[in-house]
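1. any chance you can model this:
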Amino acid sequence: MKTVLQIILLFVIIGLGYALYQSVQEPILFQEKYDQRKAAVVERLKLIREAQVAYKASNDRYTGSFDTLITFVKEGNYKITKNEGSLSDSLLNAGMTEKEALKKGIIKRDTIYVSVRDSLCKNIDPDSIEYVPFTNGAKFEMGAGSITTSSKLVIPVFEAKVPNKVYLHGLDEQYRINLDDEARQLNRYPGLKVGDLEEANNNAGNWE
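-> Numbering: from 1, shown residues only. As a prediction, the model looks like this:
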């Protein structure tokens with residue numbers, strides 16, 4: 001009887017030890033997987049931002065359509081102005097302007113056109129930019145529009161985003177809920193987002 005009780009006690013101790021180990025490891029494992037997924041999603045959002053900036057440089061606006069953006073990445077070019085030379089302090093002190101320096105050839109400006117695909121998507125299929133990493137084909141939400149400032153200036157804006165519950169699907173639900181609650185308490189979007197449709201934020205990401 002004593003031996004049986006000792007065996008039972010041993011199993012209880014092992015079980016409690018395992019439960020304690022799990023309680024310590026769970027938040028660590030969640031954090032590791034969260035960091036991994038967040039990094040991949042942030043990289044994809046940065047790529048979307050770069051593509052949108054290039055699109056705007058060519059079209060004077062952003063697009064809310066991934067079909068349009070992907071086609072532009074595959075086939076489009078955008079303009080880059082290369083500057084050569086600069087005004088020295090002595091020329092500036094002498095009152096020379098940049099316009100005069102251009103006429104005299106002290107400063108040169110060349111406009112070149114660069115393939116969007118070659119500059120942005122050398123190592124990634126452009127068709128994949130709309131898909132959220134670590135999901136089974138989920139897509140980013142994206143929109144574009146314009147806002148009018150208090151000084152009546154019309155500014156094009158866009159945003160692309162994905163909620164935590166999408167790219168963290170399959171991880172511990174309670175930890176994900178905690179992240180959402182924390183974001184809402186801080187009046188922030190419960191997920192990852194770049195740009196904003198309601199205010200001009202210079203296309204900042206909410207992770208920056």
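2. what's the helix or strand for Arg176?
-> helix 173-185 (DSSP states H and E).
3. ugh, wrong one, I meant Val114
-> In this assignment (DSSP H and E), Val114 forms part of strand 108-115.
4. okay, Asp125: pLDDT?
-> Looking at Asp125, its pLDDT stands at 90.
5. count of neighbours near it?
-> Neighbour count of Asp125, defined by other Cβ atoms under 10 Å: 10. Using the backbone N, CA and C atoms, a C-beta is placed for each residue, glycine as well.
6. roughly how far does it sit from Ala54?
-> Asp125 sits 17 Å away from Ala54, going by Cβ to Cβ, to the nearest Å.
7. can you check Glu32 too?
-> Taken as Cβ to Cβ, the span from Glu32 to Ala54 is 34 Å.
8. direction included, what does the strand holding Val114 pair against?
-> With DSSP bridges as the test, strand 108-115 is paired with strand 77-84 (antiparallel).
9. average model confidence for the partner strand?
-> For strand 77-84, mean pLDDT rounds to 70.
10. same check, this time on stretch 52-70
-> Here stretch 52-70 scores 95 as its mean pLDDT.
11. how far off centre is that stretch?
-> Averaged C-alpha coordinates place stretch 52-70 at 16 Å from its chain's average position (Cα atoms, centre = their mean, to the nearest Å).
12. quick one on the thing from earlier: buried ones in the helix holding Arg176?
-> 175-176, 179-180, 183 (16 or more other Cβ atoms under 10 Å).
13. of Glu32 and Ala54, which one has the most company?
-> Higher neighbour count among Glu32 and Ala54: Ala54, with 22 against 10, using other Cβ under 10 Å.
14. which single strand of the chain contains the most residues?
-> For the chain, the strand reaching the highest residue count under DSSP state E is reported as strand 154-163.
15. what does the helix or strand just after it contact?
-> For strand 154-163, the succeeding helix or strand toward the C-terminus, using DSSP H and E, is helix 164-167. Helix 164-167 is contacted by residues 37-38, 41, 132-135, 138, 176, 179-180, 183, 190-192 when judged by Cβ atoms under 8 Å, 6 or more residues apart in numbering.
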